[in-house]
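Participant: only geometry, no sequence info:
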């Protein structure tokens, strides 16, 4: 079931950039060198395509984007049911990301080209449809188009728009998240270690998304009880339930929220980042720590059962982290940032 596909995915992971390659790019601080290095790696076809339209950091970012799309589509072709059903759940997260990116772009009146650079059409919604969605003049027309095409989550998005209007995309984004999570969990009702592992991933993603929302709102004085009552949280998580069964109405501020999370699996993740938060005062320090630790957890799954879905989860997480690193390196080189600033932001891929 997984033998052929996992062998191919492990081979793909072996072709991720080495730490030496990444450190050489940072040391040289030369975008031409970065592009040259990538053109001699597994990114070669993506760099060749990106160079037809872009140069400088935009070329690196586009090559990285194309590489993720190419890799995800290849993985989809490696598996047959029931393994392919779990792979579809993993790749369906790109649909969620893409719909949110398109609607944010429409709300911000961004150009189609600007939005296109944030898209990873590796799910079931193809790029031409996403670009047409991004080209709509306002949110109402974009949501109407989703309904006309019967795109995933269109009903949930239409309901959110009707209830909350167009003042903010936040309710629509939550609706997309909630509908996506429900669809995934409905697919994951079966038994077996692989189904359980993907279900755990979905639940952890919900928990981290909810924690990020709570932290951002705690930073402006709202308590978890206020946030929950306002419908800011997504249902479907699992490992925060014991925490949220307790009264949280008396919790105020970021420090209080983190303290109350003691005993949850996410407390060590946040505790380790608290010194940096206290120094910077930026809640993004904590949200980034949560996202990075979740990514590291996913990557570690790739070193587990060689005949399980963890190999795919681990590779996708490592590939996405590598792409974030490349985009970061390209931008900071372009801005002539200090080398230490680059290292501070990099995420270990552990390939």
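Facilitator: On my side now, so go ahead. Note that the structure is predicted; figures quoted are calculated from it, not measured.

Participant: So, low pLDDT: which residues of the stretch 101-250 of the chain?
Facilitator: 222-231, 238-250 (pLDDT under 70).

Participant: which residue ranges form the strands in it?
Facilitator: For the stretch 101-250 of the chain, strands defined by DSSP state E, counting those that start in this stretch do not occur.

Participant: Which residue ranges of it form helices?
Facilitator: Using DSSP state H, counting those that start in this stretch, the helices of the stretch 101-250 of the chain run over 112-116, 127-134, 139-149, 154-164, 170-187, 193-218, 224-229, 241-245.

Participant: okay if I get those as a markdown table plus mean neighbour count and distance to residue 268?
Facilitator: Every C-beta, even on glycine, is put in place using the N, C-alpha and C of the backbone. Below are the helices of the stretch 101-250 of the chain laid out as a markdown table (neighbours: other CB atoms under 10 Å; distance: least, CB to CB, whole Å):
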| stretch | mean neighbour count | distance to residue 268 |
| --- | --- | --- |
| helix 112-116 | 16 | 37 |
| helix 127-134 | 18 | 38 |
| helix 139-149 | 17 | 40 |
| helix 154-164 | 17 | 34 |
| helix 170-187 | 19 | 24 |
| helix 193-218 | 20 | 13 |
| helix 224-229 | 17 | 19 |
| helix 241-245 | 13 | 14 |
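
Participant: between those helices, which one is nearest to residue 63?
Facilitator: With respect to residue 63, and counting by CB to CB, the nearest of these is helix 112-116 at 14.2 Å.

Participant: how about TSV for the helices of the stretch 101-250 of the chain, with distance to residue 306 added?
Facilitator: As requested, those are exported to TSV (distance: least, CB to CB, whole Å):
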stretch	distance to residue 306
helix 112-116	37
helix 127-134	33
helix 139-149	40
helix 154-164	38
helix 170-187	24
helix 193-218	13
helix 224-229	41
helix 241-245	32
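
Participant: To residue 290, which of these lies closest?
Facilitator: When these are compared by CB to CB, helix 193-218 sits nearest residue 290, at 4.9 Å.

Participant: helices and strands around the closest one, which ones?
Facilitator: helix 83-107, helix 170-187, helix 224-229, helix 253-260, helix 284-301, helix 310-334 (3 or more CB pairs under 8 Å, 6 or more residues apart in numbering; DSSP states H and E).
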